[in-house]
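Novice: Here you go, sequence then predicted model.
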Amino acid sequence: MKTLDLIITLQDDCIFSERNATEGAHRALDYIPGGALLGAAAARLYKEIGNSRAFNWFHSGQMRFGNAYPLTEQGYQTFPIPACWHQAKGAKAIQDNKIDPEQVRRLDKCLDKKLPGQPTPQPQQLRSGYVGLNGQFVTPDKSFRMKTAINADTGRAKDAALFGYDALQAGQHFYAQIHCDNDFSDVELKQLKAALAQPILLGRSRSAEYGRAKVEFIEAKSALVPTKTSDTEMTLWLLSDLMVLDQYGQPTLTPSSQDLGLPKGVFLAENSFLRTRRYSTWNACKKSYEMERQVINKGSVLVYKLESPLTDEHLEKIKAGLGIERQAGLGQVWLNPPLLADEQPKFDDSAQPLITTSAKDEQGNDPPKPALITWLESQQKQNSTQQKFAREARQIARTYQVLMQSARGLKGLDKEVHIGPSQSQWGAVLAAAKSRQSLETFINATDGSFKAKGEGWKDEFWQDENLCSFYTWFLKLATESEKKDGRYQPKPAPLIQHLVREIMAELKDPKGVQE
């Protein structure tokens, strides 16, 4: 059997509905079903490879597109939480995204199938989420959006057509495997990888802001190591939904070992934990529903007592999946998993992550930020700078009336007489402050309106026991302390704009003096 390992990164929110009903509350799956991957591959390869090969690829079960389950924040592979795990009701077995093995029991292995303690605590099943081999726990993030259909005649919202979409949030990473029989050549696998290496669309509403995803192929060591023992008791942990037909070709939710293609045995219902559901998948190519599936949910645990041990042939069969609809990810199981071997789980801290989520790349550099994040950060920095300029300019301008009063007192003028640069002169400064280059030209010009002996600019006042003109005062505020190539270098133009506007506002203030 050949295997491809892939990481799926959601670039948009993606919708994978639990059921296709058009009425009632909409709920999304918390994983990417293998059928979605199958559909993405078939859309690009079906016509290219021809009908005969397409049957082997997408319908026969010889190629199996597995479900994609979420990775933890640290990049570890996860599996559906086993339905046999229970905690005492009210206890918190999951804390800080980690399962406490002391708080969890496999109920069928407990004495009298009761949790230990006095008084005997009521068991509470762990029903949702995903667990890694190291005990890390993750629940995928979802989003919910309300929408309405549009009336084609009026262009407005259609009456009684409000609906909502529950979706997996963008940015999350999922891990999946594609298994195929050895009959498939390396050239065919390369063809499949090339088709999925391009950006793909998954789930519903792919033409309306949902569904974009990126696939990356990796090399990973399989964690699913079946434990073959001489014991005839067999535990199957369902890693995906399981659909089985009985000897009469009818769906069964309590399959016998023979229905699974395994040796004759007894189904131990008292040691098993099952949840079931029924649904019909929508085939976008056929524009119709597929056959209804009556399945045992992923995470369920089936226990059998066989009359004879499993052979190597049976192990290969289990590896390839059990039941039907295996091409769409159904039937993936783990035989006698180590996590379920004892009453309490024993986690493996030596497990390695599939991907690294470090903030640094291989060269130790920070990864490039998305363009939107870069723009938002620049806008935030710019807004912060503008606010700083505004506060600084307002504080300086508040002293301008005091400077004017000092200049009038020095000349013995009445308080009604204007002194210093006029509104029009400040307006010329404001016009020049539209850019740093024009402001530099304005300040350094010898024949312009801004000069030491210019009208209004030459008026003096007392400052720190020294005489100072409005020209010298403003030049000190508006330029850097050092010249460059003999020219004054202005401070940032936005600061000068704020300062001039505040001064002009002071001149218009009723408490000030009108020109």
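Specialist: Yep, it's here.
Novice: Residue most distant from the centroid, the protein?
Specialist: Largest separation from the mean C-alpha position in the chain: Gly412, at 71.3 Å (C-alpha atoms, centre = their mean).
Novice: List phi and psi for that one.
Specialist: phi 70, psi 40 (degrees, to the nearest 10).
Novice: Please apply the same query to Val301.
Specialist: Torsion angles, degrees, to the nearest 10, at Val301: phi -120, psi 120.
Novice: Tell me who's in contact with it.
Specialist: When contacts are counted by C-beta atoms under 8 Å, 6 or more residues apart in numbering, Val301 is found next to Pro82, Ala83, Cys84, Thr235, Leu236, Trp237, Leu238, Ser272, Phe273, Leu274, Leu340. C-beta coordinates here come from the backbone N, C-alpha and C atoms, glycine included.
Novice: where in the protein is pLDDT low?
Specialist: Applying pLDDT under 70 to the chain picks out residues 21-25, 226-230, 357-367, 446-448, 481, 509-515.
Novice: Tell me which residue is most central in it.
Specialist: Centre-nearest of the chain using C-alpha atoms, centre = their mean is Gly171, 2.6 Å out.
Novice: I figured that one hits Leu10, correct?
Specialist: Yes - with contact defined as C-beta atoms under 8 Å, Gly171 counts as touching Leu10 (6.4 Å).
Novice: quick one on the thing from earlier: neighbour count for the contacts of Val301 - can I get that in TSV?
Specialist: As requested, the contacts of Val301 are arranged in TSV below (neighbours: other C-beta atoms under 10 Å):
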residue	neighbour count
Pro82	25
Ala83	23
Cys84	23
Thr235	23
Leu236	25
Trp237	23
Leu238	27
Ser272	19
Phe273	19
Leu274	16
Leu340	20
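Novice: can you list these in TSV and add distance to Thr479?
Specialist: What follows is those, written out as TSV (distance: C-beta to C-beta, whole Å):
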residue	distance to Thr479
Pro82	73
Ala83	75
Cys84	77
Thr235	81
Leu236	80
Trp237	75
Leu238	75
Ser272	83
Phe273	79
Leu274	80
Leu340	76
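Novice: Name the member of the residues you listed with the shortest distance to Glu377.
Specialist: Distances from Glu377 to those, taken as C-beta to C-beta, are shortest for Pro82 (43.7 Å).
Novice: Which of the helices or strands spans the closest one?
Specialist: Remark: Pro82 resides in no helix or strand, with elements defined by DSSP states H and E.
Novice: where's it relative to Asp108, distance?
Specialist: Distance, Pro82 to Asp108, using C-beta to C-beta, to the nearest Å: 11 Å.
Novice: okay, now His314: neighbour count?
Specialist: 21 (other C-beta atoms under 10 Å).
Novice: secondary structure element for it?
Specialist: helix 312-320.
Novice: what does that helix contact?
Specialist: 1, 64, 179, 181, 224, 226, 228, 236, 261-263, 310, 326, 333, 335.
Novice: Can you give me the buried ones in it?
Specialist: His314, Ile318, Lys319, Ala320 (16 or more other C-beta atoms under 10 Å).
Novice: neighbours around Ile218, how many?
Specialist: When neighbours are counted by other C-beta under 10 Å, Ile218 comes out with 11.
Novice: meant to ask about Glu233
Specialist: 13.
Novice: and the residue nearest to it when sequence neighbours are not counted, which of the three is it?
Specialist: Nearest residue to Glu233, sequence neighbours excluded (C-beta to C-beta, 6 or more residues apart in numbering): Lys305, at 5.6 Å. Put simply, Lys305 is strand when judged by DSSP: H, G, I helix; E, B strand; the rest coil.
Novice: Correct me if wrong: Lys305 contacts Thr232.
Specialist: Yes - in terms of C-beta under 8 Å, Lys305 counts as a neighbour of Thr232; the distance is 6.2 Å.
Novice: Common neighbours of the two, please.
Specialist: Contacts common to Lys305 and Thr232, judged by C-beta under 8 Å, 6+ apart, are Gly265.
Novice: for the longest strand seen in the chain, packing partners?
Specialist: In the chain, with assignment by DSSP state E, the single longest strand is strand 157-168. Under the contact definition 3 or more C-beta pairs under 8 Å, 6 or more residues apart in numbering; DSSP states H and E, strand 157-168 sits against strand 142-150.
Novice: Can you list the strands that the strand it packs on pairs with?
Specialist: strand 157-168 (antiparallel) (DSSP bridges).
Novice: how about the strand it pairs with: buried residues?
Specialist: So strand 157-168, judged by 16+ other C-beta under 10 Å, has buried residues Tyr165, Asp166, Ala167, Leu168.
Novice: the inter-axis angle of whichever helix or strand comes after it versus strand 157-168?
Specialist: As assigned by DSSP H and E, the chain's next helix or strand after strand 157-168 is strand 173-180. Counting by axes from the mean of the first three to the mean of the last three C-alpha atoms, to 10 degrees, strand 173-180 points 80 degrees away from the direction of strand 157-168.
Novice: now strand 173-180, how far from the chain's geometric center?
Specialist: Centroid separation for strand 173-180 versus its chain: 19 Å, with C-alpha atoms, centre = their mean, to the nearest Å.
Novice: for stretch 200-215, same thing?
Specialist: Worked out by C-alpha atoms, centre = their mean, stretch 200-215 lies 14 Å from the chain centre.
Novice: cool, and stretch 303-318?
Specialist: Worked out by C-alpha atoms, centre = their mean, stretch 303-318 lies 41 Å from the chain centre.
Novice: mind checking how far the strand or helix carrying Gln87 is from the chain centre?
Specialist: Using DSSP H and E, Gln87 sits in strand 85-88. Counting by C-alpha atoms, centre = their mean, strand 85-88 is centred 30 Å from the centre of its parent chain.
Novice: What's the first helix or strand after it?
Specialist: Downstream of strand 85-88 (by DSSP H and E), the next one is strand 94-95.
Novice: Give me the sheet partners of that following strand and which way each runs.
Specialist: By DSSP bridges, strand 94-95 pairs with strand 98-99 (antiparallel).
Novice: Distance of Gln386 relative to Arg398?
Specialist: From Gln386 over to Arg398 (counting by C-beta to C-beta), the distance is 19 Å.
Novice: can you check Pro370 too?
Specialist: Per C-beta to C-beta, Pro370 is found 43 Å from Arg398.
Novice: Phi and psi next, for the nearest residue to Pro494 once chain neighbours are set aside.
Specialist: In space, and not counting its chain neighbours, Pro494 is closest to Phe389: 5.3 Å by C-beta to C-beta, 6+ apart. Reported as degrees, to the nearest 10, the phi and psi values for Phe389 are phi -60, psi -40.
Novice: What count of nearby residues applies to Phe389?
Specialist: 19.
Novice: List the contacts of it.
Specialist: For Phe389, counting by C-beta under 8 Å, 6+ apart, the contacting residues are Pro492, Pro494, Leu495, His498.
Novice: Repeat that for Lys346.
Specialist: By C-beta under 8 Å, 6+ apart, the residues touching Lys346 are Pro101, Pro338, Leu339.
Novice: any idea how far it is from Ser60?
Specialist: 39 Å.
Novice: now do Leu268
Specialist: When Leu268 is compared with Ser60 (using C-beta to C-beta), they lie 33 Å apart.
Novice: Of these two, give the one with the bigger neighbour count.
Specialist: Using other C-beta under 10 Å as the criterion, Leu268 and Ser60 rank with Leu268 on top: 15 against 12.
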